[in-house]
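*Asks:* The following comprises the amino acid sequence and a computationally predicted model.
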Amino acid sequence: MPQDLSQMPQALYLSQQIREAELLAVESGQVTLYELVERAGDAAFRILKKLYRITSPILVVPGSGNNGADGYVCGRLLLEAGCDVVMMPLNDSLKTEEVTLAKQSFLDAGGNITDWNPELMQGAKVIIDGLLGTGLSGNLKEEYVQAIEQINLSSAWVLSLDVPSGINADTGSANHVAVEADATITFGALKQGLFTARARHCCGHLEYADVGFSDFLPAPVALRVNSEYLVNLPDSRARDSHKGMSGKVTVIGGDTGMAGAVRLAGEACLRSGAGLVTVVSRPEHQLTVNANRPELMFWGCELVDMEVYLRLGWASVLVLGPGLGKHDWGYNLFKATCLSDKPCVLDADALNLLAIEPKRQDNWVLTPHSGEAARLLDCDIAEVEADRFAAVKALQQKYGGVVLLKGAGTLIYDGKQLWVAPVGNPGLASGGCGDVLSGIIGALMAQGLDNATATATGVIIHGNAADLAAKDGERGMLASDLMPYIRQLVNRELS
């Protein structure tokens with residue numbers, strides 16, 4: 001089951017903001033840096049007891065910064081609790097004053113410090129990773145690469161302090177390698193990178209500890225959104241409502257051989273509460289679209305004629321792209337849709353066509369995955385994944401509107417506010433799931449939510465539906481498996 005993050009703060013910060021808040025707290029005289037270290041080490045000790053039945057021997061791998069000092073304090077507390085603890089620093093040079101104090105405290109408690117010996121990892125039941133934390137900058141030295149690889153090869157249960165070593169706290173990307181922790185406890189404030197990219201895998205179970213400087217934090221750079229965001233769903237319908245009051249959506253796509261994409265998007269619109277949905281697709285796709293979903297209206301399009309423009313004008317929201325293709329048929333529908341003044345969700349090949357003919361528009365929602373984002377930004381996928389936060393901002397600046405960058409920890413940006421949605425599971429790595437998401441967002445827009453709120457709410461519904469569908473396993477989960485759960489989730493009184 002996915003971890004419930006609802007009790008954690010929503011505010012997300014950059015590591016530099018957190019360091020500055022620590023210093024402000026110290027300058028205020030309310031706390032010292034070493035007191036913050038003691039609080040962090042104590043929090044790690046308590047979380048270890050909470051999450052894992054402490055079994056010796058325990059191996060602590062401290063670094064030379066204050067992340068390492070946290071490890072020494074945690075190790076001392078474990079010693080005092082009667083555990084067999086060995087401290088194995090990788091590099092015992094360039095120590096901070098806090099590391100020196102914490103190390104001495106560990107030794108005074110009877111602690112054992114040994115030289116680096118990877119063989120000790122094989123016998124450890126628990127490894128506490130205090131190598132790098134937020135201190136990561138530039139490329140990892142080879143000794144750190146090897147140490148992280150050795151931690152990952154061990155069979156021990158691994159707790160990372162603040163950030164899994166090798167993960168960039170600001171971007172969530174891995175610097176070549178990163179510790180794959182069973183749990184991570186992060187101190188003082190939530191780092192934005194922990195909720196997206198490679199960090200989503202490496203953090204494991206995430207815990208948060210307020211160590212006493214939250215009053216000195218500035219405005220957050222991003223907000224975490226999760227199930228609590230479903231409060232933005234439309235209110236229950238009036239008893240005298242009718243289908244015309246629930247929004248009209250036209251879904252455009254489905255070139256030859258791709259009828260399934262537009263069918264999934266259309267049904268997702270209906271399951272998300274849209275009152276009326278028309279699908280514009282190849283004429284030969286009507287049977288596929290309507291065979292098991294007669295509630296979808298259909299218009300067969302060979303050429304973009306006046307009838308197509310009538311379907312575009314009829315709708316309150318357009319969804320363009322599922323199965324659209326990049327040939328003349330899809331390109332002509334792309335051009336026609338872009339002439340409309342209706343709010344629009346662009347997905348799949350609509351994004352690929354937009355990359356070829358860039359334009360900026362304020363009333364659309366763009367929903368790229370990292371490959372489509374790379375084409376839109378004319379860069380490599382690796383560049384997008386190296387800093388997803390920079391990528392989503394660049395996309396919005398170039399194309400306008402609301403941009404949703406899909407992936408492990410979806411990002412949403414409207415030019416002012418950035419949201420991070422750590423929802424869903426790898427079962428969504430399956431054809432058609434993106435089409436379903438586009439349909440959900442389009443339906444919420446048609447029911448009156450503003451574009452940004454509809455996008456964030458749609459991501460949460462999509463991710464939560466995937467988690468409910470994954471009760472039978474993530475592997476083999478289909479996009480259509482989400483449909484009954486979408487219906488459940490959009491009815492707040494049932495979810």
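*Replies:* Perfect, I can see it now. Residues are numbered from 1 along each chain as shown.
*Asks:* Mind pulling up the pLDDT for residue 7?
*Replies:* pLDDT, the model's per-residue confidence, is 87 for residue 7.
*Asks:* Same question for residue 92.
*Replies:* 67.
*Asks:* The nearest residue to residue 231 once chain neighbours are set aside: what's it in contact with?
*Replies:* Ranked by C-beta to C-beta, 6 or more residues apart in numbering and with sequence neighbours excluded, the top spatial neighbour of residue 231 is residue 492, at 7.6 Å. To be clear about C-beta, it is placed using only N, CA and C from the backbone, and glycine gets the same treatment. Contacts of residue 492 were listed using C-beta atoms under 8 Å, 6 or more residues apart in numbering, and they are 230-231, 233, 236.
*Asks:* Filter those residues down to just the buried residues.
*Replies:* The neighbour-count criterion (16 or more other C-beta atoms under 10 Å) marks 230, 233 among the contacts of residue 492 as buried.
*Asks:* quick check, nearest of the contacts of residue 492 to residue 290?
*Replies:* residue 233 (28.4 Å; C-beta to C-beta).
*Asks:* can you tell me which residues contact that closest one?
*Replies:* Per C-beta under 8 Å, 6+ apart, neighbours of residue 233: 444, 457, 490, 492.
*Asks:* List the backbone torsions phi and psi for residue 378.
*Replies:* The phi/psi pair for residue 378 (degrees, to the nearest 10) reads phi 60, psi 50.
*Asks:* Once you drop chain neighbours, what's closest to it?
*Replies:* Spatial nearest neighbour of residue 378, excluding adjacent residues (C-beta to C-beta, 6+ apart): residue 355 at 7.6 Å.
*Asks:* before we move on, which element is that neighbour in?
*Replies:* helix 349-356 (DSSP states H and E).
*Asks:* the strands in the stretch 151-300 of the chain, which residues?
*Replies:* Assigned by DSSP state E, counting those that start in this stretch, the strands in the stretch 151-300 of the chain fall at 157-161, 183-187, 190-191, 205-209, 222-224, 248-252, 276-281, 297-300.
*Asks:* want to throw these into CSV with mean neighbour count and distance to residue 126?
*Replies:* Formatted as CSV, the strands of the stretch 151-300 of the chain follow (neighbours: other C-beta atoms under 10 Å; distance: least, C-beta to C-beta, whole Å):
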stretch, mean neighbour count, distance to residue 126
strand 157-161, 28, 5
strand 183-187, 25, 10
strand 190-191, 25, 23
strand 205-209, 18, 14
strand 222-224, 21, 28
strand 248-252, 29, 52
strand 276-281, 26, 53
strand 297-300, 18, 59
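*Asks:* re earlier: tell me if I'm right that the residue nearest to residue 378 and residue 373 touch.
*Replies:* No: the pair residue 355 / residue 373 is not scored as a contact, 9.4 Å apart, by C-beta atoms under 8 Å.
*Asks:* These two - which one has more neighbours?
*Replies:* Using other C-beta atoms under 10 Å, the more surrounded residue of residue 355 and residue 373 is residue 373, with 26 against 17.
*Asks:* Could you name the specific helix or strand carrying that one?
*Replies:* Residue 373 is part of helix 370-377 when elements are defined by DSSP H and E.
*Asks:* so where's the stretch 51-200 of the chain uncertain?
*Replies:* Applying pLDDT under 70 to the stretch 51-200 of the chain picks out residues 92-94.
*Asks:* For it, just list every one of the helices.
*Replies:* 66-80, 97-108, 119-123, 142-153, 199-202 (DSSP state H, counting those that start in this stretch).
*Asks:* For those helices, state which one has the densest average packing.
*Replies:* The highest mean neighbour count among these, using mean count of other C-beta atoms under 10 Å, belongs to helix 66-80: a mean of 27.
*Asks:* helices and strands around it, which ones?
*Replies:* Applying 3 or more C-beta pairs under 8 Å, 6 or more residues apart in numbering; DSSP states H and E, one finds that helix 66-80 makes contact with helix 33-51, strand 58-62, strand 85-87, helix 97-108, strand 126-130, strand 157-161.
*Asks:* Present those as CSV; the columns should include distance to residue 300.
*Replies:* Output for these, formatted as CSV (distance: least, C-beta to C-beta, whole Å):
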stretch, distance to residue 300
helix 33-51, 57
strand 58-62, 64
strand 85-87, 71
helix 97-108, 71
strand 126-130, 59
strand 157-161, 56
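*Asks:* Out of those, the one nearest residue 254 is which?
*Replies:* Taking the helices and strands packed on helix 66-80 one by one with C-beta to C-beta, strand 157-161 is closest: 45.6 Å.
*Asks:* Pull that closest one out as CSV, backbone CA atoms only.
*Replies:* In CSV, the C-alpha atoms belonging to strand 157-161 read as follows (Å, rounded to 0.1, in the frame of the first residue of the first chain):
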residue,chain,number,x,y,z
TRP,A,157,17.6,-2.8,6.5
VAL,A,158,18.8,0.8,5.6
LEU,A,159,17.8,4.1,7.2
SER,A,160,19.0,7.2,5.4
LEU,A,161,19.5,10.4,7.4
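*Asks:* Next, the angle from that strand to helix 66-80.
*Replies:* Put simply, strand 157-161 runs at 130 degrees to helix 66-80, going by axes from the mean of the first three to the mean of the last three C-alpha atoms, to 10 degrees.
*Asks:* so can I have TSV of the strands of the stretch 151-300 of the chain showing distance to residue 346?
*Replies:* Below are these laid out as TSV (distance: least, C-beta to C-beta, whole Å):
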stretch	distance to residue 346
strand 157-161	38
strand 183-187	35
strand 190-191	31
strand 205-209	33
strand 222-224	23
strand 248-252	10
strand 276-281	15
strand 297-300	20
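*Asks:* where's residue 397 relative to residue 442, distance?
*Replies:* 24 Å (C-beta to C-beta, to the nearest Å).
*Asks:* same deal with residue 231?
*Replies:* Taking C-beta to C-beta as the measure, residue 231 falls 21 Å from residue 442.
*Asks:* Nearest residue to the middle of this protein?
*Replies:* residue 409 (0.9 Å; C-alpha atoms, centre = their mean).
*Asks:* List the residues that contact it.
*Replies:* 172, 195-197, 199-200, 388, 420-422.
*Asks:* Excluding chain neighbours, what is closest to it?
*Replies:* residue 196 (2.8 Å).
*Asks:* Could you double-check that the one you found lies in contact with residue 407?
*Replies:* Yes: counting by C-beta under 8 Å, residue 196 does reach residue 407; the two are 6.9 Å apart.
*Asks:* Between those two, which is the more surrounded one?
*Replies:* residue 196 (26 against 20).
*Asks:* residues contacting residue 44?
*Replies:* 70-71, 73-74, 128, 159, 161, 185, 209.
*Asks:* one more time with 7 Å
*Replies:* Residue 44 sits next to 70, 74, 159, 161, 185 when contact means C-beta atoms under 7 Å, 6 or more residues apart in numbering.
*Asks:* ok, residue 130 to residue 178 distance?
*Replies:* 14 Å.
*Asks:* if you count what's nearby, which of these two comes out ahead?
*Replies:* Remark: of residue 130 and residue 178, residue 130 carries more neighbours, 33 against 28, as counted by other C-beta under 10 Å.
*Asks:* any idea how far the nearest residue to that one once chain neighbours are set aside lies from residue 249?
*Replies:* Sequence neighbours aside, residue 71 is the residue nearest to residue 130 in space, at 3.0 Å (criterion: C-beta to C-beta, 6+ apart). Distance from residue 71 to residue 249, counting by C-beta to C-beta: 54 Å.
*Asks:* now residue 489
*Replies:* 18 Å.
*Asks:* same check, this time on residue 124
*Replies:* For residue 124, the distance to residue 249 - C-beta to C-beta - is 56 Å.
*Asks:* same question, residue 122
*Replies:* 58 Å.
*Asks:* one step back: among the strands of the stretch 151-300 of the chain, which comes closest to residue 359?
*Replies:* Across these (criterion: C-beta to C-beta), the nearest stretch is strand 248-252, sitting at 17.2 Å.
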